[in-house]
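> let me see the structure of the following:
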Amino acid sequence: MIAELYALTHRGNPGDLAFYRKACRGAQRVLELGSGSGRLLAGLALAKRRLVGLELDAELLALAKRNLRAVPPSQRGALTVLRADMRDFVLPERFERVLLPYNALFCLFGKRAALACFRAAHRALEPGGKLILDVWNADPFHREPAPTADDPAPVASLSYAGRTWDVFERSRVRRAQQRLDVNYTYVPREGGRVHQIPIAQRYFLPAEISALLRQAGFALEARYGDFSGRRFGPRSPQLIVLARAI
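You can find the predicted model right below:
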């Protein structure tokens, strides 16, 4: 149940699927790191495309396998999800695209872990292949004062297992460590057990991400501030990076 509630709460950002479809146009072999419930993999599936998703959480991996069965066989192609750590994986094939979407980078705690992930992605790419990632832009958040209180109102309401769940969010910020700890509480309106999902993030600033990518052997090709392709700026809501393996 926890994996399902998590997936219903975190459904990506508006426009991200269309962006990744365009970024993967013509690519026959695509690898997604932190593939979660399989949302993006399902949207990228094509009959002649090889898709591989890596996910460390066993419950999310099991959910992805169930969800991906719904992809029509005529569209599925070669579609595989594996349990693996994005910081340290070796696959027997190379890819034209490696994707690190929806803030998955922020699940890695520290520059050493992020660099290990980028180096593993570099090893998985064919020469000239591209790593594409998106995160929320941490620059404004890092500069602004921390919020004084959490909103007592639910941030979302969703339906699952015949119940309506109100979702409450509490956050703790430690800017010196660039750490954001978020706890989601799921309260069924009809009564019953309350569930909690803690999510810890170590956010990276845009300049740090660029430096780590270069250190891992990538050349930066583009930075966007949203999924419409606007140029990245200091106040952009998101940071989307295209980097080429050299």
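
> isn't residue 210 right next to residue 220, touching?
Yes: contact criterion Cβ atoms under 8 Å: residue 210 and residue 220 qualify, at 6.0 Å. (Glycine included, C-beta is placed from N, CA and C.)

> show me whatever sits in contact with both of these two.
Overlap of the contact sets of residue 210 and residue 220 (by Cβ atoms under 8 Å, 6 or more residues apart in numbering) consists of residue 241.

> which one of the two has more residues nearby?
Per other Cβ atoms under 10 Å, whichever of residue 210 and residue 220 has more neighbours is residue 210, with 17 against 13.

> and the more buried one, helix, strand or coil?
On the three-state scheme (DSSP: H, G, I helix; E, B strand; the rest coil), residue 210 is labelled helix.

> let me see the domain layout of this structure.
As assigned by automatic domain parsing, the chain contains the domains 2-138+204-245, 141-202.

> first to last residue in the longest one, what's the distance?
Using Cα to Cα, to the nearest Å, the span of domain 2-138+204-245 from its first residue to its last is 36 Å.

> please apply the same query to stretch 32-52.
So stretch 32-52: terminal residues 6 Å apart, Cα to Cα.

> neighbours around the closest residue to residue 228 other than its chain neighbours, how many?
What sits nearest to residue 228 in space, not counting adjacent residues and going by Cβ to Cβ, 6 or more residues apart in numbering, is residue 15, at 6.5 Å. The tally of other residues near residue 15 (other Cβ under 10 Å) stands at 13.

> ok, residue 15 - contacts?
Neighbours of residue 15 in contact, by Cβ under 8 Å, 6+ apart: 226-228.

> kindly recompute the last result at 10 Å.
Neighbour list for residue 15: 226-229, 238 [criterion: Cβ atoms under 10 Å, 6 or more residues apart in numbering].
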